[in-house]
Each structure stands twice: as C-alpha cells, then as structure tokens.
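Engineer: The amino acid sequence is not available; the structure is as follows:
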C-alpha cells in the first residue's frame, strides 16, 4: 500500500506527517486525530498512520528544510564576527593612538607658532646694563680751550667757553618764548654699542629761566632757534628740580642734592634700553624710544625770560664704552 500512496501530494497524509513530526499533544496531532474520527471515507486510519510513519522512517524527502542561497557564507561570516569580537582589537587601538598623536602634534605646533605676548624681561636687562663696566673712553672734552673739532654748534643761543667750562652767552629772548643753544657730536653712535655719556656740571645759581640739558637724539637735524630735534632722551634741571624727558614726555622728576654745586649726570644706553643717573643714583630706566637708529649725543642750554639769570656751566663730557 505504501507504493500506492503519494505522501507528498495527499493533504491528509501531509497532515498525518506533520502530526507525527510534532508528536502527541501538539496542535498538529489533535487536528489529525480529529479528522480521522470525522472522516467519511472508507479508509483504514491505522494503515494510513503506519504508511506515513514508514515514509518518515525511510528518509523520504518530504517537506524537508534546505539551506537557502548564501547560507554558508552568512554562517561563516557570523562565526568570524563572533571570533573577532573576542580577540584584542589591535587595529582599533592603533587607530586611536594615531589620532591622539596627531592631536598632540597639532597642539604643540599651535603652542609654538601661535602669536603670544612675549615675556617682559626689561627689569633683568636693565639690571645687566646698570652693572656694565665701561673701561674704554671714546672721547673726552673739557672746553677750557674752546669747543673741540668733534662737536658742532646748534641753535640760536650763543655759547662761551672758559677754564670753568661751557656756558650760555647773553641773548634777547622773546616774551613768553625760549631759545636754545648747544653742541652735538659730529659722529653718531650705533644703537648696538653700549655707551655711557658722563657729564659734569657746576650750578652756582640755579634758575628756572636757565635750563641745562644732556641729550641723545636719533635725528641729526636740530631746530635753528631752540636747538631741539624730534626724538630725544633728555636729562635737564630747572631750578632745583631735575627731570627725565622721553620722546617729549616728562617721565621722572626729583629734587637735586643742593649741598654741592657740582653734579655728575650719566646716560647709559644699549639698544632701546636706557638708564639716567645723577650723582650715582638711578633717576630713571626704561625704553629710550630712540628706535634702531644712530644716536647723536650733545649738551645744550635753554633760556627763557627777557632777563638772563642763573649761573650754570658744563665742565666736561666723556663718552665711554664697554666694547673692547
């Protein structure tokens, strides 16, 4: 009978096969039993069950489940993925370290090349300049025998020389105005040179109408009436008050020691830094604002008021350098 049954096409046999596959108690089993009980066909139910069972046991390829296309590839891929998740992710670690290295390099480059405000080392440089030794004399003038060849006169205020030094002559000064006269060195000093301009003065009768000045200019051109230039570092004394003038602005003023009529003024320069001293005491230090230009040193007198007053003489001017 088994040879006459088409177990793949008969719906009833299909139901029986599913019931046998699912086993007793399953919904398929209950459906099969119910149909056997209610079937009107004259069939041998028992034989049908036996045939279906024999067909299953014989290995007949009925409603078999086959692997679909790509099943093997997907299965092997899943196995490899699970295996890779269990291994140490070396590639990921290398990628992370490379990224961190790039970030560090960029950060260092930004730190090195980003424009920053440089640290102000002026106080240290000023201390070094103040402690500089100036053993070499570049020039020395005493004016007892006149104005030497190293100088040229400037301004409209006449000058006189004597064994006591350089002093201003008499001149008519316009009301509420002033005139000046002095001398300036012919040869400039280069800004890279460390120099000390040391000037000795004698002030017997100080006056606010007669102002002696020691100056350094970065311009060789001076006004014909007042003997001044556009950019200067100046020490001056008016009455008993000494002042430091930088680029036309008074940056420091203090009373001078009146116990002695003689005083020594030193202007120390190197590059853009400068120190102004009087009688061995530092009066001012900082940036001279003379730029990187040759410097012209000199002394002069400024006179104000219609009536000449004051008794001031410049006894000597020495230029010293630390360079051998």
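Structural biologist: Cool, the structure landed. Since the structure is predicted, the reported quantities are computational estimates derived from the model, not experimental observations.

Engineer: Buried ones in stretch 222-233, by neighbour count?
Structural biologist: Within stretch 222-233, the residues that qualify as buried are 222, 226, 227, 228, 229, 231, 232, 233, counting by 16 or more other Cβ atoms under 10 Å. Using the backbone N, CA and C atoms, a C-beta is placed for each residue, glycine as well.

Engineer: which of these lies closest to residue 122?
Structural biologist: The shortest gap between residue 122 and any of those belongs to residue 233, at 15.6 Å (Cβ to Cβ).

Engineer: packing partners for the helix or strand the closest one falls within?
Structural biologist: Of the helices and strands defined by DSSP states H and E, residue 233 is found in strand 232-238. Packing contacts for strand 232-238, counted by 3 or more Cβ pairs under 8 Å, 6 or more residues apart in numbering; DSSP states H and E, involve strand 210-217, strand 241-246, strand 262-270, strand 273-278.

Engineer: Hey, what's the angle from that strand to strand 210-217? Just curious.
Structural biologist: For strand 232-238 against strand 210-217, the angle between stretch directions is 170 degrees (axes from the mean of the first three to the mean of the last three Cα atoms, to 10 degrees).

Engineer: pLDDT of strand 232-238, averaged?
Structural biologist: Confidence over strand 232-238 (mean pLDDT, whole number) is 97.

Engineer: just to revisit the earlier point, name the stretch among the helices and strands packed on strand 232-238 that sits most buried.
Structural biologist: Per-residue neighbour counts averaged over each of the helices and strands packed on strand 232-238 give the maximum for strand 210-217, namely a mean of 24 (mean count of other Cβ atoms under 10 Å).

Engineer: where does that one sit relative to the chain's centre, distance-wise?
Structural biologist: In this view, strand 210-217 has its centroid 39 Å away from the chain centroid, taken as Cα atoms, centre = their mean, to the nearest Å.

Engineer: Quickly run through the sheet partners of the strand holding residue 233, with directions.
Structural biologist: Pairing partners of strand 232-238, with direction, according to DSSP bridges: strand 210-217 (antiparallel), strand 241-246 (antiparallel).

Engineer: got the contact list for the longest one?
Structural biologist: Okay, so that is strand 210-217. Strand 210-217 is contacted by residues 168, 182, 184, 197, 199, 201, 203, 229, 231-238, 265, 267, 269, 274, 288, 290, 295-304, 308-310, 312, 314 when judged by Cβ atoms under 8 Å, 6 or more residues apart in numbering.

Engineer: and with 7 Å instead?
Structural biologist: Applying Cβ atoms under 7 Å, 6 or more residues apart in numbering, the contact partners of strand 210-217 are 168, 197, 199, 201, 229, 231-238, 265, 267, 269, 290, 295-303, 309-310, 312, 314.

Engineer: what about the strands in the stretch 101-250 of the chain?
Structural biologist: Taking DSSP state E, counting those that start in this stretch as the criterion, the stretch 101-250 of the chain contains strands spanning 136-141, 151-155, 159-162, 165-168, 178-185, 195-205, 210-217, 232-238, 241-246, 249-255.

Engineer: Okay, now the sheet partners of the fifth one, with direction.
Structural biologist: Strands adjacent to strand 178-185 in the sheet, as given by DSSP bridges, are strand 151-155 (antiparallel), strand 296-304 (antiparallel).

Engineer: hmm, back to that, contact partners of the strand holding residue 233?
Structural biologist: For strand 232-238, the surrounding residues in contact (Cβ under 7 Å, 6+ apart) are 208, 211-217, 242-246, 256, 265, 267, 274, 276, 288, 290.

Engineer: Identify each buried residue in that strand, please.
Structural biologist: Taking 16+ other Cβ under 10 Å as the neighbour-count basis, strand 232-238 is seen to contain the buried residues 232, 233, 234, 235, 236, 237, 238.

Engineer: Output the strands paired with strand 178-185 as JSON lines; include the columns distance to residue 131 and mean neighbour count.
Structural biologist: As requested, these are exported to JSON lines (distance: least, Cβ to Cβ, whole Å; neighbours: other Cβ atoms under 10 Å):
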{"stretch": "strand 151-155", "distance to residue 131": "30", "mean neighbour count": "20"}
{"stretch": "strand 296-304", "distance to residue 131": "22", "mean neighbour count": "24"}
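
Engineer: want to try JSON lines for those, with distance to residue 193 and mean pLDDT as columns?
Structural biologist: Supplementary listing: those in JSON lines, determined by distance: least, Cβ to Cβ, whole Å; pLDDT from 0 to 100:
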{"stretch": "strand 151-155", "distance to residue 193": "19", "mean pLDDT": "97"}
{"stretch": "strand 296-304", "distance to residue 193": "12", "mean pLDDT": "96"}
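
Engineer: Now those strands in TSV, please, with extra columns for distance to residue 104.
Structural biologist: Formatted as TSV, these follow (distance: least, Cβ to Cβ, whole Å):
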stretch	distance to residue 104
strand 151-155	62
strand 296-304	53
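
Engineer: That'll do, ta.
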